[in-house]
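Colleague: need coordinates for the following:
(2 chains)
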Amino acid sequence: MSTVELKDVETRVKGVLSKYLGVAPDTIFLEQRLVEDLKVDSFASIELVFELEDQVGLEIPDKDFINLKTVGDVVTYVRSRLSDKAA
Amino acid sequence: MGVVASNGIGKDQFWQANIKGVSGVGTITKFDPLLYKTRIAAEIKGFDPLSFMSALIAGRIDDFSQFALACTRMAEKDSGLKLSTEDLHRVGVVIGSGLGGMFFYEKQIAAVHEHGPKKAHPMSVARIMPNAPSGVVSIELGLKGPILTVATACASGNHAIGQACDMIRHDRADVIFAGGTEAPIVPYTFAGFDNLCVMSRKNDSPQEASRPFDKQRDGLVMGEGAGMVVLEELDRALKRNAPIYAEIIGYGLAAGGTHMVMPLAGGEDAAQTMRLALADAQIQPQEVDYINAHGTSTVANDRAETLAIKDVFKEYARKVPVSSTKSMIGHAIGAAGAIEAVVCCLAIKNNMVPPTVNYEDPDPECDLDHVAGKAREQKVDTVLSNSFGFGSNNATLIFRRLK
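Modeller: Below is the predicted model:
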């Protein structure tokens, strides 16, 4: 996985979600809740995390992902992990 | 009915290709075949999964499930069934596949070897398993009746239709979508067949490579695709004015019990399978108007099958036309029997026997009427279709025009 720039994270996260959910990327917003709004159940999250890890070049532990409630939370989390990695 | 074959997608295009003797064989494009002894196959061309399913579904299933779902959608439309008004607990699906989702399987194996176990997709098992297509069909159509997968290699399609027929006879369901599917033209799987030395190496003349019963043959040509039919209890189908292609009147299944890949040289097991199907149909051999042969284009199969036909049909063996669909679309393994079932139904509907192409220099030991090169117009009321699979799995079906 090539390095992901911090400014690209939002696009990548929305891209993974839109592909997985079969909807256009511009219908996904940072405020949307994964479970309640996007219907990402615990089973779907397994596949989603797998795709996300591939796209952002990170390993995302289940215990971390379970605490992410919105699309924005995911973007913030990925950015923070990438920044830590770069530091 | 629905069909995805290398010489046509959909029953109309497929039938026209079959009666015109159009070959679907060509140089392999799905991977680089340079290092293989056999570099040709009958690949599906121009298949757009999005004509039959959403991009979301297409992206989540292997090619063999895509083929099966596409054919099921075609069959549903052709049958005139309105699933929205059916009791879906009485509608089932039975699909045969010899190998499973090999395209996705091979990709996962490569990823794990290269990058470690974390790279195996979490849905790998569900995409690769041989019963993925029947699961996909049942979920997409909302079917809640019997769901079953059979894996009997090259006979899977015939066994699937036979088992579905038995289920309807036993009143386990009113309607069953039945057929077979396969997508085996992938590097590792293909290499296994390559090294088994069963495939034709006529790499410079792909369309002439599959030549069942011909002296110049040098093996089978790998194919891919799917075929699905809708089976329905007869009175019920009549009551709703369903378009009925044929009745399935006979199903025979038996084994040679001696070898994993070779048929009995005398064709005894093939003969026994045909006899069981004829007995099940309660008809005499002379009532069969056309035999759709297994006809793989291997010396072992073609000779054993010819002997078996002679043994069962006696002097009538010289009169009954015997052709091989595989001469045009290669051997689509678990899909073969199901695609050939579509051929049998259309032969009855059109009173037309499709040809064996490339039967130009007859093997003296394969001297039946193999309908060389050109389709033949004739009465076709009753058709017998053979499939014989690795593992010594044999199945014969008999179709008859509804009287």
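
Colleague: just the pLDDT at residue 46, thanks.
Modeller: Using chain A. Each residue has a pLDDT score; the one for A:Ile46 is 91.

Colleague: wait, chain B
Modeller: Note on B:Gly46: pLDDT of 96.

Colleague: just the pLDDT for the spatially closest residue to it that is not a sequence neighbour.
Modeller: Residue nearest to B:Gly46 in three dimensions, not counting chain neighbours: B:Ile9, with 6.7 Å by CB to CB, 6 or more residues apart in numbering or on different chains. Using the backbone N, CA and C atoms, a C-beta is placed for each residue, glycine as well. What the model reports as pLDDT for B:Ile9 is 98.

Colleague: residues contacting B:Gly250?
Modeller: B:Gly250 makes contact with B:277-281, B:283, B:384, B:396-398, according to CB atoms under 8 Å, 6 or more residues apart in numbering or on different chains.

Colleague: could you pull up phi and psi at it?
Modeller: Dihedral pair for B:Gly250: phi -150, psi 140, per degrees, to the nearest 10.

Colleague: how about the closest residue to chain A within chain B, nearest residue that isn't a chain neighbour?
Modeller: Nearest residue of chain B to chain A (CB to the nearest CB) works out as B:Leu56 at 3.1 Å. Spatial nearest neighbour of B:Leu56, chain neighbours left out: A:Gly22 (3.1 Å); criterion: CB to CB, 6+ apart.

Colleague: what's the helix or strand for residue 19?
Modeller: Defaulting to chain A. helix A:9-21 (DSSP states H and E).

Colleague: actually chain B
Modeller: Taking DSSP H and E as the definition, B:Ile19 sits inside helix B:11-20.

Colleague: distance from the chain centre to that helix, please.
Modeller: How far helix B:11-20 lies from its chain's middle: 16 Å, per CA atoms, centre = their mean, to the nearest Å.

Colleague: try stretch B:22-38
Modeller: Its chain's C-alpha centre and that of stretch B:22-38 lie 20 Å apart, by CA atoms, centre = their mean.

Colleague: phi, psi of the residue in chain A that chain B sits nearest to?
Modeller: Chain A approaches chain B most closely through A:Gly22 (3.1 Å), counting by CB to the nearest CB. Main-chain dihedrals, A:Gly22, degrees, to the nearest 10: phi 70, psi 40.

Colleague: quick one, what contacts it?
Modeller: By CB under 8 Å, 6+ apart, the residues touching A:Gly22 are B:54-56.

Colleague: low-scoring stretches of the chain, by residue?
Modeller: I went with chain A, as the question did not name one. Along chain A, the parts satisfying pLDDT under 70 run over A:1-2.

Colleague: follow-up on the earlier one: which of the contacts of A:Gly22 fall within helices?
Modeller: B:55-56 (DSSP state H).

Colleague: can you tell me which of the contacts of A:Gly22 lies nearest to B:Phe47?
Modeller: Comparing those against B:Phe47 with CB to CB places B:Ala55 closest, at 14.5 Å.

Colleague: tell me, how many residues neighbour B:Thr306?
Modeller: By the measure other CB atoms under 10 Å in any protein chain shown, the count of residues near B:Thr306 is 23.

Colleague: quick one: residues contacting the spatially closest residue to B:Gln108 that is not a sequence neighbour.
Modeller: Excluding the flanking residues, the one nearest B:Gln108 by CB to CB, 6+ apart is B:Ser124, at 4.9 Å. Counting by CB under 8 Å, 6+ apart, B:Ser124 touches B:104-105, B:108.

Colleague: inside helices: which ones of those?
Modeller: Under the assignment DSSP H, the contacts of B:Ser124 contribute B:104-105, B:108 to helices.

Colleague: among those residues, which one has the most neighbours?
Modeller: With neighbours defined as other CB under 10 Å, the most crowded of those is B:Phe104; it has 23 neighbours.

Colleague: so that residue touches B:Asp62, yeah?
Modeller: Yes: assessed by CB atoms under 8 Å, B:Phe104 is found in contact with B:Asp62 at 4.4 Å.

Colleague: what touches both of the two?
Modeller: B:127-128.

Colleague: which residues of chain A lie near chain B?
Modeller: Within chain A, the positions adjacent to chain B are A:19, A:21-22, A:46-47, A:50, A:59 by CB under 8 Å from any CB of the partner chain.

Colleague: by neighbour count, which of those wins?
Modeller: With neighbours defined as other CB under 10 Å, the most crowded of the residues of chain A next to chain B is A:Phe50; it has 19 neighbours.

Colleague: ok, that one - contacts?
Modeller: Neighbour list for A:Phe50: B:121-122 [criterion: CB under 8 Å, 6+ apart].

Colleague: where's it relative to B:Pro146, distance?
Modeller: 33 Å (CB to CB, to the nearest Å).
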